[in-house]
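Student: Structure for this input, please:
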Amino acid sequence: MATEKPIADRLLDKSHEAFILGIEIYNKPTIQYRVEGFAFFICNAWELMLKSHLIKKFGENSIYYKESDRTISLEYAVKQIFTNDKDPLRKNLEKIIELRNTSTHFITEEYEMVYIPLFQSCVINFSEKLSEFHNFDVTTLIPQNFLTLNVSMEAIDNSKIIAKYPEEIAKKIIDVNEEISYLSKKSNAHGKFAIVIEHQHFLVKDKSKATSFVGIDNNSDVKIKVLREIKDPNKTHPHSAKNCINSLKKRLGKSEIEFGINMHVFLLFVDYFELKSDEAYCFQFQSGESGKQVIYRYSQRTIDLIYKEIEADPEYIYDKLKEGMKKR
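Tutor: Numbering: from 1, shown residues only. This is a model prediction of the structure:
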């Protein structure tokens, strides 16, 4: 007779299933309620994953309220684990929980435009915490490229919202949009609160393909950069530094290569090969209220490059990089 899995492992299995359902629902264009569906399943995935973490760390009693047989809510679990109430990751979760709790009354098609930056950040946060808390690589469940949520975007126009909806709903949409926009600028360290989606303008030769028109003045003091190729950095550079380190650890472990990789070592590779100055490897996001905070995201090529360098000389590569940096 097969031995039953421990409760922490069963919760984690269900968390994986809820996460995949959330991604699949959101990326399926024929589903009309994908905002509500995603909010429900991503919250369920977080709740099950965090409870599994609490059990492994503090025991099974940690997921129950004191002197009660009721298990704790997601809100309570979030506060127990992410104790800093200013943590952008916690703020992100709290906003999505709020959406889940009120979606019956206020969901409109415009909510997709408001919440997609939070949803995308939430997916990345989940994958990172799944790796940190449970040493589990989310790409064993779903390919990396499917972690990018699909959406048709346009800017929120307050005048159109007011004309389209009753006062209560219009006010709710506008207030939520303004609050999320403010928090995205004020409290968004490393993109943990929101992956900000910017509207950019491109020159086209065929006027019939344009959605707006601009004039170019050669005497203007304001300069622009003409882009010849459109890229989505969320797809081309999906990895945080922590993601890269976890991926390298797994690859090195599978290859039985003994090499200690941590943030210091990772950044040594990045600096030595000057990866931050090459968009094939690294993309920089401007963040923060003043736009001076920089968030770095890395492509798969970064992971591949570092792995190959370690694989070629695991015993001496670290010393070579250090010596090389001293000579600069």
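Student: mean confidence score for the helix or strand containing Lys57?
Tutor: Assigned by DSSP states H and E, Lys57 belongs to helix 34-58. Per-region confidence: helix 34-58 scores 94 on mean pLDDT.
Student: List the buried residues for that helix?
Tutor: When burial is assessed from 16 or more other Cβ atoms under 10 Å, helix 34-58 yields the following buried residues: 34-56. Using the backbone N, CA and C atoms, a C-beta is placed for each residue, glycine as well.
Student: for it, packing partners?
Tutor: helix 7-26, helix 74-81, helix 88-106, helix 111-134 (3 or more Cβ pairs under 8 Å, 6 or more residues apart in numbering; DSSP states H and E).
Student: now the angle between helix 7-26 and that helix, please.
Tutor: If you take axes from the mean of the first three to the mean of the last three Cα atoms, to 10 degrees, helix 34-58 sits at 160 degrees to helix 7-26.
Student: OK, contacts around the closest residue to Gly37 other than its chain neighbours?
Tutor: Counting by Cβ to Cβ, 6 or more residues apart in numbering, Gly37 lies nearest to Ile25, which is 4.0 Å off, once chain neighbours are set aside. Listed by Cβ atoms under 8 Å, 6 or more residues apart in numbering, the contact partners of Ile25 are Ile31, Arg34, Gly37, Phe38, Phe41.
Student: One more: Lys235?
Tutor: Counting by Cβ under 8 Å, 6+ apart, Lys235 has contacts Asn145, Thr148.
Student: Just the CA trace of whichever strand or helix holds it, in CSV.
Tutor: For Lys235, the element it lies in under DSSP H and E is helix 233-236. What follows is helix 233-236, C-alpha atoms only, in CSV (Å, rounded to 0.1, in the frame of the first residue of the first chain):
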residue,chain,number,x,y,z
PRO,A,233,11.9,42.7,-22.5
ASN,A,234,9.4,40.7,-20.4
LYS,A,235,9.9,37.9,-22.9
THR,A,236,13.5,38.4,-24.0
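Student: Mind listing what's buried along the helix or strand just after it?
Tutor: The C-terminal neighbour of helix 233-236 among helices and strands, as given by DSSP H and E, is helix 241-254. By neighbour count with 16+ other Cβ under 10 Å, helix 241-254 contains the buried residues Ala241, Asn243, Cys244, Ile245, Asn246, Ser247, Leu248, Lys249, Arg251, Leu252.
Student: In a markdown table, list those along with distance to His264 and pLDDT.
Tutor: Converted to a markdown table, the buried residues of helix 241-254 look like this (distance: Cβ to Cβ, whole Å; pLDDT from 0 to 100):
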| residue | distance to His264 | pLDDT |
| --- | --- | --- |
| Ala241 | 11 | 91 |
| Asn243 | 17 | 88 |
| Cys244 | 13 | 92 |
| Ile245 | 10 | 93 |
| Asn246 | 15 | 91 |
| Ser247 | 17 | 91 |
| Leu248 | 13 | 93 |
| Lys249 | 14 | 93 |
| Arg251 | 19 | 91 |
| Leu252 | 16 | 92 |
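Student: which one among those residues gets closest to Phe146?
Tutor: Asn243 (15.4 Å; Cβ to Cβ).
Student: what sits against the nearest residue to that closest one once chain neighbours are set aside?
Tutor: Leaving aside its sequence neighbours, Asn243 sits nearest to Glu128 (Cβ to Cβ, 6+ apart; 6.4 Å). By Cβ under 8 Å, 6+ apart, the contact set of Glu128 is Ser240, Lys242, Asn243, Asn246.
Student: Which members of those are the farthest-apart pair?
Tutor: Ser240 and Asn246 (9.5 Å).
Student: quick one, which of the helices and strands packed on helix 34-58 is packed in tightest?
Tutor: helix 111-134 (a mean of 21; mean count of other Cβ atoms under 10 Å).
Student: Give me the distance between the helix or strand containing Glu323 and the centre of its chain.
Tutor: Using DSSP H and E, the element containing Glu323 is helix 317-326. Distance, stretch centre to chain centre, for helix 317-326: 33 Å (Cα atoms, centre = their mean, to the nearest Å).
Student: Tell me how far Gly59 lies from Pro6.
Tutor: Distance, Gly59 to Pro6, by Cβ to Cβ, to the nearest Å: 12 Å.
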